[in-house]
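> got a predicted structure plus its sequence, pasted below:
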Amino acid sequence: MSTVSFLLLVLGGGVAGTMGAMLGLGGGVFLIPFLALVFGLPMHQAIATSILAVIATSSAGAAMNVERQTVNLRLGMVLEIATVIGAIFGGVTANILSGEVLSRIFAALLLFVSFMMIWRTRSDIDAAAPVINGSFSSSYRDEATDTVVTYSVKRVPVVLVISFIAGNISGLLGVGGGIFKVPAMHMVAGMPMKAATATSNFMIGVTAAASAFIYFAHGHLNPMIVSPAVLGVLGGSFLGVSVNRRIKGSFLPWIFAVVLVLVSIWMFWRTL
Amino acid sequence: MNTDGLTTGKDSGAHHLVERWVGRTLRFGVWTSAGLMVAGLLLAWLSAGSLRLPSENPPPGEVFRSLLAGSLDPVTLMFAGLLLLMLTPFLRVLTAAAGFAAEKDRRFVVVALVVFAMLLGELVFSLR
């Protein structure tokens, strides 16, 4: 591999990780189009590379969130049963489908993600009423307001079903699946947004690991590509979190939503 | 699944134990694997031109045996980094099971072991 290719992978991974962290998404939504469209990698290899990047960013973020108590560890582990089953099915299915079919499904996912990003800016989703007598009660200190937030959750079986779908999409397309889980945990189960985001991110590493060996066994993991891309995404995600603290504004999701729609069209166009 | 009445721990002190263990495991896995990948890439860069990738991904056991034997082959180091990263969630689930066991929270020991068994099943099924 040439030095230019190596630098392109680190840089592309870095940009994908930064953009993902700025929007509260994993890097996969941006990394896969970069690898498939810009770097010209076959779709299965792009997905496999993204799965490794997703494990790295999820694990690095979860290490901090778990110690800060924002992760609801027990709820996360119960929901992981559903995400892991979904991811195994997704990983097996992906290795049966052709790269073109996967590209089309991924293009559809990008449209859905851009819609969700805009919807999140326009809906008053932070106003979900706290659940008093639910299950999996927990508490954490909210550093922004310096208060202890105590909560419990409801409708866990519904969130289990949504977690299965999120796991399935993770295994099939190499993304984290937080775009499905976070709204479900917040709006259906009534978790505070911060705990929902941290718990979803915590689950993503295990979910991605559930399909990683399927891709490994099919020979889709090239260490010369995965290593620089993963290191780039990991570095980029730290940069994204730091940038996110300084830049506030509702224009960001709009810009990225437009970018994702254009990438989706490009991805679909390529398969015709 | 009836989850009513479940709480997330016996007391706040016990909470800290399992969460500390899990946090440390994740940190160890990510940064050790990142270190192996960086070392592999640096050696690959130094040995530019002589690097040969295997035609198939090697069995994980072979990669770790080579590493333990002191191999400084760039591809082995990178594969070891990738495999450790893929195994970090496995370690995290086992650590959580041990933490729940230390808290005498048997119900969640079972939950963690169910997740671990599924991951292990996927690994064995994929590599057989």
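Done, it's in.
> contacting residues for the residue minimising distance to the centre of chain A?
Centroid check for chain A by C-alpha atoms, centre = their mean gives A:Gly176 as the closest residue, at 2.9 Å. For A:Gly176, the contact set (C-beta atoms under 8 Å, 6 or more residues apart in numbering or on different chains) comprises A:Leu25, A:Gly26, A:Gly28, A:Val54, A:Ser58, A:Ser170, A:Ser200, A:Asn201, A:Ile204, A:Thr207, A:Ala208. No exception for glycine: its C-beta is placed from N, CA and C like everyone else's.
> now do the SS call for it.
At A:Gly176 the chain is in coil, as set by DSSP: H, G, I helix; E, B strand; the rest coil.
> buried sites along the element among helices and strands of chain B having the smallest mean pLDDT?
Every helix and strand in chain B was compared by mean pLDDT, DSSP states H and E; the lowest is helix B:60-68, with a mean of 79. Going by neighbour count (16 or more other C-beta atoms under 10 Å in any protein chain shown), the buried part of helix B:60-68 is B:Pro60, B:Val63, B:Phe64, B:Ser66, B:Leu67.
> distance to B:Ala117 added to the residues you listed, as CSV?
Compiled in CSV, the buried residues of helix B:60-68 are given as follows (distance: C-beta to C-beta, whole Å):
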residue, distance to B:Ala117
B:Pro60, 18
B:Val63, 24
B:Phe64, 22
B:Ser66, 29
B:Leu67, 27
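> so B:Leu87 versus B:Leu46, what's the distance?
To B:Leu46, B:Leu87 is 27 Å away according to C-beta to C-beta, to the nearest Å.
> out of those two, which sits in the more crowded spot?
Each of B:Leu87 and B:Leu46 has its neighbours counted (other C-beta atoms under 10 Å in any protein chain shown); B:Leu87 has more, 20 against 10.
> ok, A:Gly76 - contacts?
A:Thr199, A:Phe202, A:Met203.
> just the buried ones from those?
A:Thr199, A:Phe202, A:Met203.
> quick check, nearest of the residues you listed to chain B?
A:Phe202 (8.7 Å; C-beta to the nearest C-beta).
> OK, contacts around the closest one?
Neighbour list for A:Phe202: A:Ser58, A:Ala62, A:Asn65, A:Val66, A:Val71, A:Leu73, A:Gly76 [criterion: C-beta under 8 Å, 6+ apart].
> now render these as CSV, adding pLDDT and distance to A:Gly91.
Output for the contacts of A:Phe202, formatted as CSV (pLDDT from 0 to 100; distance: C-beta to C-beta, whole Å):
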residue, pLDDT, distance to A:Gly91
A:Ser58, 91, 16
A:Ala62, 89, 21
A:Asn65, 87, 26
A:Val66, 89, 26
A:Val71, 91, 25
A:Leu73, 92, 25
A:Gly76, 95, 20
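> just the buried members of these?
Buried subset of these (neighbour count, 16+ other C-beta under 10 Å): A:Ser58, A:Ala62, A:Asn65, A:Val66, A:Val71, A:Leu73, A:Gly76.
> tell me which two of the residues you listed sit farthest apart.
A:Ser58 and A:Leu73 (14.3 Å; C-beta to C-beta).
> for the longest helix seen in chain B, enumerate the helices and strands it packs against.
Counting by DSSP state H, the longest helix found in chain B is helix B:12-46. In terms of contacts (3 or more C-beta pairs under 8 Å, 6 or more residues apart in numbering or on different chains; DSSP states H and E), helix B:12-46 is packed against helix A:3-23, helix A:43-67, helix A:73-94, helix A:223-246, helix B:74-102.
> tell me which of these approaches A:Leu272 most closely.
helix A:43-67 (14.9 Å).
> anything in that closest one near chain B?
Yes - contact of helix A:43-67 with chain B is found when judged by C-beta under 8 Å from any C-beta of the partner chain, involving A:Leu52, A:Ile55, A:Ala56, A:Ser59, A:Ala60, A:Ala62, A:Ala63, A:Met64, A:Val66, A:Glu67.
> now the last one: closest residue in space, sequence neighbours ignored.
Using C-beta to C-beta, 6 or more residues apart in numbering or on different chains and skipping residues adjacent in sequence, the residue nearest A:Glu67 is B:Gly23, 4.2 Å away.
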